[in-house]
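Asker: next input, structure requested:
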Amino acid sequence: MYGIIATWRMALEGISEAETMLEHDASAADALETAIRAVEDFEYYKSVGYGGLPNEDEEVELDAAFMDGDTLSIGAVGAIKDFANPVSVARRLSKEPVNNFLVGAGAEKYAHKHGFERKNMLTDRARTHYHNRLVDENHKANQERELKPYAGHDTVGMVALDQQGSMAAATSTSGLFMKKAGRLGDSPVIGSGLYVDSEVGGASATGLGEDLMKGCISYEIVRRMKEGMSPQEACESAVAELDEKLKKKRSKAGDLSLIAMNNKGEWGCATNIKGFSFAVATKDLKPTVYLVQFDENGKQYFEEASKEWMDNYMKTRTAPLVWK
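Answerer: Down below sits the predicted model:
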């Protein structure tokens, strides 16, 4: 058995390439890095890599992390600027004995030393989004700005299993649009944005990092799988409990969406928001995008995305922007 699961529709092309690699006996780590890089390189996905939306100073700061499920080796970068493919920098850091989590100038110095590609990650399209947001905010000058994950998509997180039983997990994001300079969310934080153990399975998160970190939720899902829960049971119970706890203690909960896969290739997903999508492929399942739906009792279930939905997704992402 082999497989790969990822947050959001934007991962489909990447996991399709990764699935072919896994079918031909590639390692989970190689397939995963390839899949994440495909998302990072596509400029129309405004929450990851090239084309990612900037912070409030109009600078693109990227976060990424990588974890090897065989060795528990970790690598992460935070608030790194002007380097393409931060997931590859994170994976390179996972090979170091120490100094595995670098941020800002330190991460950039490391990336330069090891020959990673320098690149201006702020695109004209992202600059237009930034300008238009400022115009909209000026129209609401007397209202306090509320930072929240913008509608549609954000962090790409993945878990992969190869034919040898090895597993890996990774994340990549540009974080909240208009975030404070230097802000880090859950994505590069091991245990919150991602966690994987090849003896059990892995999980990855997307949503409001400040709330996801309050539950160390990716680790929690892996812990529950270790105790015997299926990936679906682990995701549903962990998300529901954190959502309830946040509402009880803080009166509200931010977006919480999790995907998981165990070492048998079984997978699961849970969310507290409407409109969440994820992509998955295994030996027995072609690369498929699912939409999370809720019945009248609030119980969630999955529907395969229709061709109409898929076409509209790309049409919306690539639609021309007008400078206000």
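
Asker: all the strands of the stretch 101-250 of the chain, in order from the start?
Answerer: With DSSP state E, counting those that start in this stretch as the criterion, the stretch 101-250 of the chain has strands at 101-103, 156-161, 167-173, 194-197, 201-207.

Asker: including mean neighbour count and mean pLDDT, could those go into TSV?
Answerer: Quick note: C-beta positions are derived from backbone N, CA and C, even for glycine. Converted to TSV, those look like this (neighbours: other Cβ atoms under 10 Å; pLDDT from 0 to 100):
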stretch	mean neighbour count	mean pLDDT
strand 101-103	20	98
strand 156-161	32	98
strand 167-173	31	98
strand 194-197	28	99
strand 201-207	31	98
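
Asker: now render the ones you listed as CSV, adding distance to residue 36.
Answerer: Shown next, in CSV, are these (distance: least, Cβ to Cβ, whole Å):
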stretch, distance to residue 36
strand 101-103, 18
strand 156-161, 6
strand 167-173, 5
strand 194-197, 11
strand 201-207, 11
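
Asker: these: which one's closest to residue 47?
Answerer: Relative to residue 47, the nearest member of the strands of the stretch 101-250 of the chain by Cβ to Cβ is strand 167-173, separated by 6.1 Å.

Asker: and the closest one, what does it pack against?
Answerer: If contacts are counted by 3 or more Cβ pairs under 8 Å, 6 or more residues apart in numbering; DSSP states H and E, strand 167-173 sits against helix 28-40, strand 62-68, helix 86-93, strand 156-161, strand 194-197, strand 201-207.

Asker: nearest to residue 1, of those?
Answerer: Using Cβ to Cβ, the nearest of these to residue 1 is strand 156-161, at 6.9 Å.

Asker: what angle do the closest one and helix 28-40 make?
Answerer: Interaxial angle, strand 156-161 versus helix 28-40 (axes from the mean of the first three to the mean of the last three Cα atoms, to 10 degrees): 160 degrees.

Asker: list the strands paired with strand 156-161, with their directions.
Answerer: strand 3-7 (antiparallel), strand 167-173 (antiparallel) (DSSP bridges).

Asker: output the longest one as PDB, nothing but the C-alphas.
Answerer: Yep, that's strand 167-173 we're talking about. Taking C-alpha atoms only, strand 167-173 is exported to PDB below (Å, rounded to 0.1, in the frame of the first residue of the first chain):
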ATOM      1  CA  MET A 167       6.000   8.000   6.100                       C
ATOM      2  CA  ALA A 168       6.700  11.800   5.900                       C
ATOM      3  CA  ALA A 169       4.700  15.000   6.400                       C
ATOM      4  CA  ALA A 170       5.200  18.600   5.300                       C
ATOM      5  CA  THR A 171       3.600  22.000   5.200                       C
ATOM      6  CA  SER A 172       4.100  25.200   3.300                       C
ATOM      7  CA  THR A 173       2.300  28.600   3.600                       C
END
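
Asker: so how far is it from its chain's centroid?
Answerer: Offset of strand 167-173 from its chain centre (Cα atoms, centre = their mean, to the nearest Å): 7 Å.

Asker: now stretch 31-50
Answerer: Averaging C-alpha positions (Cα atoms, centre = their mean) puts stretch 31-50 10 Å from its chain's average.

Asker: show me which residues of it are buried.
Answerer: 31-40, 42-43, 45-50 (16 or more other Cβ atoms under 10 Å).

Asker: same question for stretch 261-281.
Answerer: Neighbour-count burial for stretch 261-281 [16+ other Cβ under 10 Å]: 261-263, 265-273, 276-281.

Asker: what is the end-to-end distance of that stretch?
Answerer: Taking Cα to Cα, to the nearest Å as the measure, stretch 261-281 stretches 11 Å from start to finish.

Asker: go on, stretch 184-193?
Answerer: Separation of the first and last residues of stretch 184-193 by Cα to Cα is 11 Å.

Asker: quick one: it to chain centroid distance?
Answerer: Computed by Cα atoms, centre = their mean, the chain-centroid distance of stretch 184-193 equals 10 Å.

Asker: cool, stretch 55-70 as well?
Answerer: 10 Å.

Asker: who are the contact partners of the closest residue to residue 212 other than its chain neighbours?
Answerer: Excluding the flanking residues, the one nearest residue 212 by Cβ to Cβ, 6 or more residues apart in numbering is residue 186, at 4.1 Å. Residue 186 sits next to 192-193, 205, 209-210, 212-213 when contact means Cβ atoms under 8 Å, 6 or more residues apart in numbering.
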